[in-house]
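Participant: predicted model, plus sequence, below.
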4 protein chains.
Amino acid sequence: PWTPWGSTPPAAATGRPMMNTSTAPGRTVWVIAEGYIPSASTGDGRAFESHETACILNAGDEDAQVEITLYFSDREPAGPYRVTVPARRTLHQRFNDLNDPEPVPRDTDYASLLAADRPVIVQHTRLDSRQAALALLSTEAYGE
Amino acid sequence: PWTPWGSTPPAAATGRPMMNTSTAPGRTVWVIAEGYIPSASTGDGRAFESHETACILNAGDEDAQVEITLYFSDREPAGPYRVTVPARRTLHQRFNDLNDPEPVPRDTDYASLLAADRPVIVQHTRLDSRQAALALLSTEAYGE
Amino acid sequence: PWTPWGSTPPAAATGRPMMNTSTAPGRTVWVIAEGYIPSASTGDGRAFESHETACILNAGDEDAQVEITLYFSDREPAGPYRVTVPARRTLHQRFNDLNDPEPVPRDTDYASLLAADRPVIVQHTRLDSRQAALALLSTEAYGE
Amino acid sequence: PWTPWGSTPPAAATGRPMMNTSTAPGRTVWVIAEGYIPSASTGDGRAFESHETACILNAGDEDAQVEITLYFSDREPAGPYRVTVPARRTLHQRFNDLNDPEPVPRDTDYASLLAADRPVIVQHTRLDSRQAALALLSTEAYGE
């Protein structure tokens, strides 16, 4: 059975766990229709660089392989970009860091589709630091 | 069968694709209950103009026709505005740019309903630059 | 049959409408778990006053009655607050303006449940102008 | 039967309540894939401290026990953290305040899974005050 902690619950889990099901939560197809990485940033360092992130959680007990395909307004899709989200781990994948098979263009509208071989959960975040006062957005991706 | 890349996978897709289903993901009815375009902007150029956008992804292999209807607080709906989202493309449609049959009024509460003839995914974004420090919001639309 | 424009389509709807179903889209129960109205604001006028809004769309052909109940961390719920969303109209209801049976307390955590007698769609927005650089958030409410 | 106000409706509920069902709305498993608490803040006091919050509503008539598990990118999960959301109450739980069995690390990517023994609704919010102009984000969590 699946629990939030896998087969080796932490010492603190003294009570009976509330979840003990056959599969981890999530879905295998996720879409983020909004995508845009500003080329400009203000502020120091990686934390304040303008970026877009797909936050992926694999709460399951086996590693998940995820293929990311990028869609554009005026050309054929790019990808697949392949990432692994290990069992019971989260991966906050910056689109800025995707370079294989090709870098993600800046200042360009795009959308992304994530296909996983096991159930995962995806949330989308952008930090925009084009101006000194940074702006944030985040939303649940569309899953099915 | 449907794959994220259509019938001609990119050269990089050397492995077996994870998705190979009969239909592209998405839904045909989407609603954005929040709508408001500020008339004021600061900053230079189109990128920093206050705007609202419906980010639409058509991951399918055939073009999608989308009809947008706008609802207001005190008058009958406007529309339909018609846009096409080509196969395997994303369209980030600014409501600011909808002019036929009539422009979208500024500084006015509205809501929008998008009806497509094929499955698409819709995400809603607003950039507010009324003040020098821009503000962003984004959320998945309501689909059914 | 239901269409986005009711029984009298606008002149512009020359083509065959894509939607022609028996019921308008939406759900009758919506929850916004996050609620907080800052008492402080900067900037001039109603547009820049810190506020929280429930954006409600009634795309149907009959008026919708909506009852809003507010939940708190340390007292029994308040309400119901009653609002009407006319047929084919959107209502962007500021929680700041709810006064009957009692005003919504400022600087206080709350949550809200909206129950409608017909299908509607609800989106939640907050504008925070406690500082000169305003901040925005928005998310689809939880519907069932 | 369940109503938004429990067995003792407020005096203001003079009309027939619209909701009178067997169970309160919500789900028992919620996931927030995005998590990040900045260690830095500007501004005075708790209200402006950079924080992440899980806004939980228990609209039901019995207390809900909620177990929170945190996932990281490079170590086994932490938790469970246990909180109670009383009947007909909302709890806006700051992740900053979770200390048992261990504090939530700052400046660190994480994700969270909330498992409840009764239906609840969860919304996620972050206030980022690393810069004087605060930034906000909020999104419905993923529920199943």
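Facilitator: Right, received. Where do you want to start? Residues are numbered from 1 along each chain as shown, chains lettered A, B, ... in the order given.
Participant: in chain A, where is pLDDT below threshold?
Facilitator: A:7-17, A:19-20, A:43, A:130-135 (pLDDT under 70).
Participant: nearest the geometric middle of it, what residue?
Facilitator: Centroid check for chain A by C-alpha atoms, centre = their mean gives A:A54 as the closest residue, at 2.5 Å.
Participant: distance of A:P80 from C:D63?
Facilitator: Relative to C:D63, A:P80 is positioned 49 Å away (C-beta to C-beta, to the nearest Å). C-betas here are computed from N, CA, C, even on glycine.
Participant: who has more neighbours out of those two?
Facilitator: Legend: neighbour count by other C-beta atoms under 10 Å in any protein chain shown for A:P80 and C:D63, higher for A:P80 (28 against 14).
Participant: so that one: helix, strand or coil?
Facilitator: Classification of A:P80 by DSSP: H, G, I helix; E, B strand; the rest coil places it in strand.
Participant: I'd assumed A:E67 was in contact with it.
Facilitator: Yes. Counting by C-beta atoms under 8 Å, A:E67 is a contact partner of A:P80 at 3.9 Å.
Participant: C:R82 versus the residue nearest to the centre of chain A, what's the distance?
Facilitator: Going from A:A54 to C:R82 by C-beta to C-beta gives 42 Å.
Participant: for A:G26, same thing?
Facilitator: 39 Å.
Participant: between these two, which one's more packed in?
Facilitator: A:G26 (24 against 15).
Participant: spatially, and excluding backbone neighbours, which residue is closest to the more buried one.
Facilitator: Spatial nearest neighbour of A:G26, chain neighbours left out: A:P119 (3.2 Å); criterion: C-beta to C-beta, 6 or more residues apart in numbering or on different chains.
Participant: need the contact list for that neighbour.
Facilitator: Shown in contact with A:P119 (C-beta atoms under 8 Å, 6 or more residues apart in numbering or on different chains): A:23-28, A:60, A:64.
Participant: apply 10 Å and report the result again.
Facilitator: For A:P119, the contact set (C-beta atoms under 10 Å, 6 or more residues apart in numbering or on different chains) comprises A:2, A:23-28, A:57-60, A:64, A:143, D:144.
Participant: inside strands: which ones of those residues?
Facilitator: A:27-28, A:57-58, A:64, A:143 (DSSP state E).
Participant: who wins on neighbours among those?
Facilitator: Ranking the ones in strands among the contacts of A:P119 using other C-beta under 10 Å puts A:L57 first, with 31 neighbours.
Participant: quick check: longest strand of chain A.
Facilitator: Under DSSP E, the strand in chain A containing the largest number of residues is strand A:110-128.
Participant: just the CA coordinates for that one, please, in CSV.
Facilitator: Taking Å, rounded to 0.1, in the frame of the first residue of the first chain, the C-alpha atoms of strand A:110-128 are listed here in CSV:
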residue,chain,number,x,y,z
TYR,A,110,5.1,29.4,-25.3
ALA,A,111,3.1,26.7,-23.7
SER,A,112,4.2,23.4,-22.2
LEU,A,113,2.8,19.8,-21.9
LEU,A,114,4.2,17.4,-19.3
ALA,A,115,3.7,13.7,-19.8
ALA,A,116,4.8,11.4,-16.9
ASP,A,117,4.9,7.6,-16.7
ARG,A,118,3.5,7.7,-13.1
PRO,A,119,1.1,10.1,-11.3
VAL,A,120,2.7,13.4,-10.4
ILE,A,121,1.4,16.9,-9.5
VAL,A,122,2.5,20.1,-11.3
GLN,A,123,2.2,23.7,-10.3
HIS,A,124,3.4,26.7,-12.4
THR,A,125,5.3,29.7,-11.0
ARG,A,126,6.9,32.8,-12.6
LEU,A,127,9.1,35.4,-10.9
ASP,A,128,9.4,38.5,-12.9
